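Participant: when you get a sec, could you give me coordinates for this:
(chains A and B)
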Amino acid sequence: GENVEQHPSTLSVQEGDSAVIKCTYSDSASNYFPWYKQELGKRPQLIIDIRSNVGEKKDQRIAVTLNKTAKHFSLHITETQPEDSAVYFCAASLFMYSGGGADGLTFGKGTHLIIQP
Amino acid sequence: GAGVSQSPRYKVAKRGQDVALRCDPISGHVSLFWYQQALGQGPEFLTYFQNEAQLDKSGLPSDRFFAERPEGSVSTLKIQRTQQEDSAVYLCASSFLPGTGRHEQYFGPGTRLTVT
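Facilitator: Numbering: from 1, shown residues only, chains lettered A, B, ... in the order given. Below is the predicted model of the structure:
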């Protein structure tokens, strides 16, 4: 089955600086890679996702890059703000676009992002 | 519109009791997933439904865990004879509105199960 490794487990950055979280996956068949933000006691919230036919996707201060050959994808947050402090999870799955079926998401262990004021 | 809802939000069970956890997905979503999240860990996949069909139950940890979605909407996760290692947050997610091409998984708030 799929295995997702996520690094670092904790990341502390100064407000206004950039943060990068990296993940690797094992199953070359995986084609969908979402990122979730989870605040303490709250539900995971989807912040950005990328499909395997795209190398990069950006949404305001957040971007994700995907290297299919290396089976590696990363989350980039620029101009970090205090409200970015949370645990971030990467995930991977296989989605069958024709029929709409999907495997469950395999998550990394999470990165606790701390924004220092 | 309304998001994914789950009930109860908190459940305390004595070891050996049976529990039932409910998930109301986003209206019209075809796919429904259950995950287990232990403290300080990422969610782990339990089972997946497409409409009323349970297509994957490979993540269920034992035969004490059972899930159903009889009418293709609301789902129930049942745990029989609960044990302390079952203590976790159980998350439900739904996805895939046919015709939209959208397949993002949206999570409910979870049910925190504590087995004493």
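Participant: contact residues of chain A facing chain B?
Facilitator: Proximity of chain A to chain B (Cβ under 8 Å from any Cβ of the partner chain) is limited to residues A:1, A:6, A:32, A:34, A:36, A:42-46, A:49, A:89, A:91, A:95, A:97, A:100-110. Backbone N, C-alpha and C define where each C-beta goes, glycine included.
Participant: residue contacts, the residue of chain B most remote from its centre?
Facilitator: Ranking residues of chain B by C-alpha distance from their mean position (Cα atoms, centre = their mean) puts residue B:99 at the top, at 24.9 Å. Taking Cβ atoms under 8 Å, 6 or more residues apart in numbering or on different chains as the definition of contact, residue B:99 has no neighbours.
Participant: that one sits in which helix or strand?
Facilitator: Take DSSP states H and E as the rule and residue B:99 turns out to sit in neither a helix nor a strand.
Participant: the residue nearest to residue B:39 when sequence neighbours are not counted pairs with what?
Facilitator: If you skip the residues right next to it in sequence, residue B:39 has residue B:88 as its closest partner in space, 7.6 Å away by Cβ to Cβ, 6 or more residues apart in numbering or on different chains. Judged by DSSP bridges, the bridge partners of residue B:88 are residue B:113.
Participant: may I ask you to confirm that residue B:88 is in contact with residue B:35?
Facilitator: No - in terms of Cβ atoms under 8 Å, residue B:88 does not count as a neighbour of residue B:35; the distance is 9.5 Å.
Participant: neighbour-wise, which of the two wins?
Facilitator: Legend: neighbour count by other Cβ atoms under 10 Å in any protein chain shown for residue B:88 and residue B:35, higher for residue B:35 (24 against 20).
Participant: for residue 43, give me the pLDDT.
Facilitator: Since no chain was named, I'll use chain A. Here the pLDDT value assigned to residue A:43 is 96.
Participant: ah, I was thinking of chain B
Facilitator: 97.
Participant: residue B:96 now?
Facilitator: Confidence at residue B:96, expressed as pLDDT, is 81.
Participant: do the same with residue A:95
Facilitator: At residue A:95 the predicted local confidence, pLDDT, stands at 78.
Participant: wait, isn't it in contact with residue A:29?
Facilitator: No - the pair residue A:95 and residue A:29 does not pass the contact test of Cβ under 8 Å, sitting 10.5 Å apart.
Participant: for those two, indicate the residue with more neighbours.
Facilitator: The residue with more neighbours, out of residue A:95 and residue A:29, is residue A:95; 19 against 11, by other Cβ under 10 Å.
Participant: the helix or strand containing residue B:76 - which strands sit beside it in the sheet, and in what orientation?
Facilitator: In this structure, residue B:76 is located in strand B:75-79 according to DSSP H and E. Based on DSSP bridges, the pairing partners of strand B:75-79 within the sheet are strand B:19-24 (antiparallel), strand B:65-68 (antiparallel).
Participant: these: which one's closest to residue B:106?
Facilitator: Each of the strands paired with strand B:75-79 was scored for nearness to residue B:106 using Cβ to Cβ, and the closest is strand B:19-24 (11.5 Å).
Participant: need the residues of chain B near chain A, please.
Facilitator: For chain B, the residues found near chain A under the criterion Cβ under 8 Å from any Cβ are B:30-31, B:33, B:35, B:40-48, B:50, B:55-56, B:58-59, B:91, B:93, B:95-96, B:98, B:101, B:103-110.
Participant: buried subset of those residues as a PyMOL selection?
Facilitator: Command for PyMOL that selects the buried part of those, burial taken from 16 or more other Cβ atoms under 10 Å in any protein chain shown:
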select buried, chain B and resi 30+31+33+35+42+43+44+45+46+47+48+50+56+59+91+93+95+96+103+105+106+107+108+109+110
